[in-house]
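Asker: Fold the following.
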Amino acid sequence: MQRTARKDNPFERSVRSLLHAQGIRYRIHFPLPGLRRTSCDIAFPSLKIAVFLDGCFWHGCDQHCPVVKKNTDFWLGKIERNHARDLRATAHLTDIGWIALRYWEHEAAENIAEAIVFAVRQVRDAGASSGGVSRPLEDVQGPSGKFEAVDCNECTVETQLRE
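Answerer: Reported below is the predicted structural model:
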């Protein structure tokens, strides 16, 4: 477990590379405003968008339940704490007017990058059309089968794959 890269792992780098290739500029490992020792993987601070690229094992993916053979209580407790921290971070960002985008490592990097680019452009377009003041997104159909459900009162974005 100690050999697992905490930051800049191949999954993160592949998504960031695809974003950069499309001309999207971002900040990495950006500290979340108002939360100590918590950061997002990719941030667009001026647009108030935070992107989290969650590992299936470390964040408790429902599709890939963690298989732990040694020190089970410790690792399952750690995964549960990580999940609780993820929920707190998302709620905090929502409360301060940010959009939190979360993706699992088992999702295709191309689809993730496409959804992020789509969300960034939506927020930029909304800000440009309202004279620079950003406004909440409406329910929109994202590219390649992604559906982004946005609660206009809380400005949250959740992406789900259609089955």
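Asker: From now on I want contacts and neighbour counts done on CA atoms only, so please keep to that.
Answerer: Will do.
Asker: Quick one: the helices in this structure, in order.
Answerer: Secondary structure of the chain (DSSP state H): helices at 10-21, 56-59, 72-95, 109-129.
Asker: Mind giving me the packing neighbours of the last one?
Answerer: If you count contacts as 3 or more Cα pairs under 8 Å, 6 or more residues apart in numbering; DSSP states H and E, helix 109-129 packs onto helix 10-21.
Asker: where does this protein dip in pLDDT?
Answerer: Residue ranges of the chain with pLDDT under 70: 1-6, 131-163.
Asker: do you know how far the residue sitting furthest away from the middle of it is from Gly55?
Answerer: Centroid-distance maximum for the chain: Lys70 at 29.9 Å, with Cα atoms, centre = their mean. Using Cα to Cα, to the nearest Å, we find Lys70 at a distance of 20 Å from Gly55.
Asker: Report how many residues lie close to the closest residue to Val68 other than its chain neighbours.
Answerer: Of all residues not flanking Val68 in the chain, Trp75 sits nearest, at 7.2 Å (Cα to Cα, 6 or more residues apart in numbering). Other residues near Trp75 come to 17 when the count uses other Cα atoms under 10 Å.
Asker: do Ala113 as well
Answerer: Number of residues near Ala113 (other Cα under 10 Å) recorded here: 20.
Asker: List the contacts of it.
Answerer: Contacts for Ala113 were tallied using Cα atoms under 8 Å, 6 or more residues apart in numbering; they are 15-16, 18-19.
Asker: redo that, cut-off 10 Å
Answerer: Contact partners of Ala113, counting by Cα atoms under 10 Å, 6 or more residues apart in numbering, are 14-20, 22, 24, 119.
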